[in-house]
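Peer 1: any chance you could fold what I've pasted below:
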Amino acid sequence: MTPVEQTAQRRPTSLSDLLRLHMKGLLEAIGGFLNRLGLAPMSLTLFGLAGHVVAAVVLAEGNMLVGGLLLLVMAPVDALDGTMARLRGQPSSFGAFVDSVTDRYSEMLMFCGLLIHFLRLGDAPTSVLVFLAAAGSLLVSYTRARGEALGYEVRSGMLARLERYAVLIPTLVLGIPRLGIALVAVLANVTAVQRFLHVRRQASER
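Peer 2: Residues are numbered from 1 along each chain as shown. A predicted model of the protein is given here:
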């Protein structure tokens with residue numbers, strides 16, 4: 001069984017999985033339409049990355065509302081490119097790898113824009129929180145990637161990528177970005193620790 005097939009058959013354990021499960025029909029309809037337009041899944045992946053570049057610039061300028069709305073539009077792209085590849089019968093491990101790498105770049109660009117903004121304001125405490133949020137987000141992804149590479153199941157924890165967006169985007173749109181940043185800074189690092197302990201338990205059982 002390929003990694004893509006394993007992903008499709010696993011039990012939903014996160015908001016991302018649940019949304020993909022319950023919105024499968026809608027995603028397939030949109031993905032099929034984009035395929036008929038002649039767009040390639042990789043093009044959509046790169047479009048999502050470019051959209052995050054624009055959002056990062058907007059956030060760096062301090063326009064939280066527009067930046068948050070841009071991120072809201074870009075967030076579904078992560079699910080659509082994989083859906084398009086599956087509908088074409090072209091899902092691949094390399095495509096999943098590229099998707100994961102661009103997701104990390106996209107998220108770090110978002111935090112970079114926020115960091116620039118708060119550094120310009122001279123707001124050191126919030127700048128530190130942005131750093132902690134970015135570091136925690138990377139660690140959540142790294143613990144999963146490293147754990148799964150060693151043969152462990154690593155999908156536990158409260159704040160995966162989509163959940164981080166679900167926390168941060170509303171606070172940007174509502175003009176209270178410090179709250180969202182603080183929540184992600186704390187909960188992303190808690191999630192990384194949860195995954196570490198989850199792997200430790202599995203290692204002990206072996």
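Peer 1: for the residue nearest the centre of the chain, what are its contacts?
Peer 2: The centroid of the chain falls nearest to R161 when counting by C-alpha atoms, centre = their mean (3.4 Å). By C-beta atoms under 8 Å, 6 or more residues apart in numbering, R161 lies in contact with 16, 78, 103, 107, 137, 140-141. For every residue, glycine as well, the C-beta is placed using N, CA and C.
Peer 1: and stretch 148-159, which residues are buried?
Peer 2: In terms of neighbour count (16 or more other C-beta atoms under 10 Å), stretch 148-159 has its buried residues at 152, 154-157, 159.
Peer 1: same deal with stretch 80-100?
Peer 2: Neighbour-count burial for stretch 80-100, counted by 16+ other C-beta under 10 Å, picks out 80-87, 91, 95-96, 98-99.
Peer 1: excluding sequence neighbours, find me the nearest residue to E107.
Peer 2: Nearest non-adjacent residue to E107, counting by C-beta to C-beta, 6 or more residues apart in numbering: S137, 5.7 Å away.
Peer 1: what about that neighbour, neighbour count?
Peer 2: Neighbour count of S137, defined by other C-beta atoms under 10 Å: 26.
Peer 1: surely it is in contact with Y105?
Peer 2: No - contact between S137 and Y105 fails when scored by C-beta atoms under 8 Å: they sit 11.9 Å apart.
Peer 1: for this protein, what are the low-confidence residue spans?
Peer 2: 1-24, 90-92 (pLDDT under 70).
Peer 1: give me that answer again for 80
Peer 2: Scanning the chain for pLDDT under 80 picks out 1-35, 37-42, 76-96, 206.
Peer 1: against L39, how distant is L80?
Peer 2: 10 Å (C-beta to C-beta, to the nearest Å).
Peer 1: in the buried residues of stretch 80-100, find the pair that's most separated.
Peer 2: L87 and V98 (17.7 Å; C-beta to C-beta).
Peer 1: now do the SS call for the nearest residue to V173 once chain neighbours are set aside.
Peer 2: Of all residues not flanking V173 in the chain, G68 sits nearest, at 4.0 Å (C-beta to C-beta, 6+ apart). The three-state label given to G68 by DSSP: H, G, I helix; E, B strand; the rest coil is helix.
Peer 1: neighbours around T102, how many?
Peer 2: Using other C-beta under 10 Å, T102 has 19 neighbouring residues.
Peer 1: that one contacts G51, doesn't it?
Peer 2: No - in this structure, T102 is not within contact of G51 by C-beta under 8 Å, at 11.1 Å.
Peer 1: please identify the buried residues of the helix or strand harbouring V54?
Peer 2: Using DSSP states H and E, V54 sits within helix 41-60. Across helix 41-60, burial judged by 16+ other C-beta under 10 Å covers 41, 44-45, 48-49, 51-52, 55-60.
Peer 1: just put these in JSON lines and tack on distance to H117.
Peer 2: Shown next, in JSON lines, are the buried residues of helix 41-60 (distance: C-beta to C-beta, whole Å):
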{"residue": "P41", "distance to H117": "32"}
{"residue": "L44", "distance to H117": "28"}
{"residue": "T45", "distance to H117": "26"}
{"residue": "G48", "distance to H117": "22"}
{"residue": "L49", "distance to H117": "20"}
{"residue": "G51", "distance to H117": "18"}
{"residue": "H52", "distance to H117": "15"}
{"residue": "A55", "distance to H117": "12"}
{"residue": "A56", "distance to H117": "10"}
{"residue": "V57", "distance to H117": "10"}
{"residue": "V58", "distance to H117": "10"}
{"residue": "L59", "distance to H117": "6"}
{"residue": "A60", "distance to H117": "5"}
